[in-house]
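Undergrad: I would like the atomic coordinates for the input below:
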Amino acid sequence: MKTAITLTTALFLAAFTFGSIADQPRPDHFQGQQAASLSEAIELFRVNNKKLQQLMQGELTPEAMVEIHQLTYTLENALEKIHSETTDLKDVLEEVHLGSENMDYAKVKQQAKRYLDTATTLIK
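TA: Numbers count the residues shown, from 1 in each chain. Okay, the predicted model is just below:
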């Protein structure tokens, strides 16, 4: 039974690999979990990196490779959300920087609050 499962998984991976090479650009096979917020993205990133780390401690079997493949979709989604949010964060910090140069107290107060709200999420 275990041999049949291993063989089926290996055939799936072979078909997947051949299909992804032959059909450029490759279609997405799994959706992965999506994060609606930065804090959700960080949690998905943390949890799924831990799963990947655990998988890497053992033998890389065909089953493990399928699980790793699936994990990467969620990790890519989380990184995309984190990148999006931190790109905005960089822009907000620049507003704080420029406001401080120009002694614009209202701008600094407003933008620093926005910056700190997001930055705090990153360092929790």
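
Undergrad: pull the longest helix from the protein.
TA: Determined from DSSP state H, the single longest helix within the chain is helix 62-101.

Undergrad: What's the first helix or strand after that one?
TA: Moving toward the C-terminus from helix 62-101, the next helix or strand (DSSP states H and E) is helix 105-122.

Undergrad: Packing partners of that following helix?
TA: In this structure, helix 105-122 packs against helix 38-57, helix 62-101, with contacts taken as 3 or more C-beta pairs under 8 Å, 6 or more residues apart in numbering; DSSP states H and E. Where you see a C-beta, it was placed from the backbone N, CA and C, and this is true even at glycine.

Undergrad: neighbours of the closest residue in space to Ala64 that isn't next to it in sequence, just the number please.
TA: Nearest-residue entry for Ala64: Leu55, 5.2 Å, with adjacent residues in sequence omitted and distances by C-beta to C-beta, 6 or more residues apart in numbering. Taking other C-beta atoms under 10 Å as the criterion, the count of residues near Leu55 is 17.

Undergrad: Make sure Leu55 is actually in contact with Ile68.
TA: Yes: between Leu55 and Ile68 there is a contact under C-beta atoms under 8 Å: 5.7 Å.

Undergrad: Okay, Lys81 and Phe45: tell me how far apart.
TA: As judged by C-beta to C-beta, to the nearest Å, Lys81 and Phe45 stand 9 Å apart.

Undergrad: where does this structure dip in pLDDT?
TA: Low-confidence regions of the chain, defined by pLDDT under 70, span residues 1-29.

Undergrad: so who does the residue nearest the centre of it touch?
TA: In the chain, the centroid-proximal residue (C-alpha atoms, centre = their mean) is Ala78; its distance is 2.5 Å. Residues in contact with Ala78 (C-beta atoms under 8 Å, 6 or more residues apart in numbering) are Gln33, Ala35, Ala41, Ile42, Leu44, Phe45, Asn48.
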